[in-house]
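> Just need the structure, nothing else, for what follows:
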Amino acid sequence: MRTNNQAIIIALALLAAAAITAQAQYSITTLDFPGNPYTAAYGISGSNIVGNTSDASLNQSGFIYDGSTYAPVNYPGGSSTSVFGVSGNSVVGSYLDSEYVSHAFVYDGSIFTTLTGTEARGISGSNIVGNFSDGSGSHGYVFDGTTYTTLDAPLAVTGTFAYGISGSLIVGYYIDGSFTNHAFLYDGVHYITLTPTGSLSAVAYGVSGNLVVGTYIDASTTAEMGFIYDGTTYTTLDIPGSTNSAPFGVSGDSIVGAYSTSDGNQHGFLMAVPEPSTLALAGLAGLAFIRWRKRGTAK
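You can find the predicted model right below:
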């Protein structure tokens, strides 16, 4: 006859087995720009993935990957180009001019258009989010093709940064008076602070429906971790065998990001979003299916 303790142990073992099985069903695809040791994926829309790549001399350019071919994206005359967001065939990012001043841009596949602000980070349809600075600090913005609207989180003291957009939802982070980063979700009316369990600070990079992805500093280890938030549960994220990893973009059931390996190289990745039941099992079993200690992810 089983005791209560034995029953509990068996139940936990079954939960752990279920979580391990669910983890094994993950499909993770590594993304490496040909010939370059550093690749990071930041945005996804349909079959198009965008990000940044650097060669061994750290010369950086953006890229678009359509599932079979990597195409570089370089702003004409720019000394360095970064691409962060994609929607359909349009991408957004920033470039450095000859004086190393950053400027935001949108690129439709044939024409580059410079935008107001230092960075364009996300795009959804005709709406673009990014950042700019003035005498009062750093501010987020949303641009609808005609009008720029400034975004300042109510609790921000030194800056607000808008990083991702999906429909009417915007994510990013703000900095309070103690210079702590706080991830936020903005629905057009309310700023909601996102606080992963046990975190000291957090940044939200991407949003799609009720899913938000980003990074946080763990309070117990001071290590930087990745997270997925489904509107109810925070789940820590990791790439097996990596020295650090981070999710930067999400669209539907796909997440993109970057991870580093012990040889010092950085790789982009594409992975499937876990089913809600998998997230719950992983939490109940105390198994973080992804755990990450970041020593520095290039952007």
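
> quick one: contacts for residue 65?
With contact taken as Cβ atoms under 8 Å, 6 or more residues apart in numbering, residue 65 is in contact with 31, 41, 48-51, 71. From N, CA and C alone the C-beta is placed, and that goes for glycine too.

> same thing with residue 217?
So, once contact is read as Cβ under 8 Å, 6+ apart, residue 217 ends up touching 199-202, 223-225.

> so which helix or strand takes in it?
strand 211-218 (DSSP states H and E).

> Just the buried subset of the contacts of residue 217, please.
Buried members of these, scored by 16 or more other Cβ atoms under 10 Å, are 199, 201-202, 224-225.

> Hmm, residue 33 is touching residue 64, no?
No - taking Cβ atoms under 8 Å as the definition, residue 33 is not a contact partner of residue 64, at 10.7 Å.

> Can you pull the residues that touch both of those two?
Common neighbours of residue 33 and residue 64 are listed as residue 70 (criterion: Cβ under 8 Å, 6+ apart).

> Pull out the buried positions in the strand or helix carrying residue 142.
Using DSSP H and E, residue 142 sits in strand 137-143. By neighbour count on 16+ other Cβ under 10 Å, the buried set for strand 137-143 is 138-143.

> next one: stretch 244-262
When neighbours are counted by 16+ other Cβ under 10 Å, the buried residues of stretch 244-262 are found to be 244-251, 254-260.

> so what's residue 212 closest to, chain neighbours aside?
Distance criterion Cβ to Cβ, 6 or more residues apart in numbering; nearest residue to residue 212, sequence neighbours excluded, is residue 229 at 4.4 Å.

> Give the bridge partners for that neighbour, please.
In this structure, residue 229 has beta-bridge partners residue 212, residue 234, where bridges are defined by DSSP bridges.

> Nearest to residue 265 among the buried ones among the contacts of residue 217?
residue 224 (18.6 Å; Cβ to Cβ).

> can you pull the pLDDT of the closest one?
Residue 224 carries a pLDDT value of 85.

> who's it bridged to?
Residues in a beta bridge with residue 224, per DSSP bridges, are residue 217.

> If residue 185 is in a bridge, with which residues?
Beta-bridge partners of residue 185, counted by DSSP bridges, are residue 171, residue 192.

> What's the separation between it and residue 211?
Counting by Cβ to Cβ, to the nearest Å, the gap from residue 185 to residue 211 is 11 Å.

> And the helices in the protein?
Listed in chain order, the helices of the chain (DSSP state H) span 4-24, 276-284.

> weakest of those helices in terms of mean pLDDT?
Of all the helices of the chain, the segment with the smallest mean pLDDT is helix 4-24, scoring a mean of 37.

> any weak-confidence spans in the stretch 151-299 of the chain?
Within the stretch 151-299 of the chain, the segments meeting pLDDT under 70 span 275-299.

> Spit out the contact partners of the closest residue to residue 93 other than its chain neighbours.
If you skip the residues right next to it in sequence, residue 93 has residue 83 as its closest partner in space, 3.9 Å away by Cβ to Cβ, 6+ apart. When contacts are counted by Cβ under 8 Å, 6+ apart, residue 83 is found next to 42-43, 50-52, 62-64, 73, 91-93, 107.

> Residue 83 and residue 76, how far apart?
Taking Cβ to Cβ as the criterion, residue 83 is separated from residue 76 by 14 Å.

> contacting residues around the residue nearest the centre of the chain?
Relative to the mean C-alpha position of the chain, the nearest C-alpha, by Cα atoms, centre = their mean, is the one of residue 248, at 1.6 Å. Listed by Cβ under 8 Å, 6+ apart, the contact partners of residue 248 are 40-43, 51, 205-206, 213, 256-258.

> Please repeat the previous calculation with a cut-off of 7 Å.
41-42, 205-206, 256-258 (Cβ atoms under 7 Å, 6 or more residues apart in numbering).

> Among these, which lie within strands?
When DSSP state E is applied, the contacts of residue 248 are split such that 41-42, 205-206, 256-258 fall in strands.

> Determine which two of these are furthest apart.
Maximum pairwise distance in those, criterion Cβ to Cβ, is 12.6 Å, between 206 and 258.

> Buried only: go through the contacts of residue 83 for me.
With burial judged by 16+ other Cβ under 10 Å, the buried subset of the contacts of residue 83 is 42-43, 50-52, 62-64, 73, 91-93, 107.
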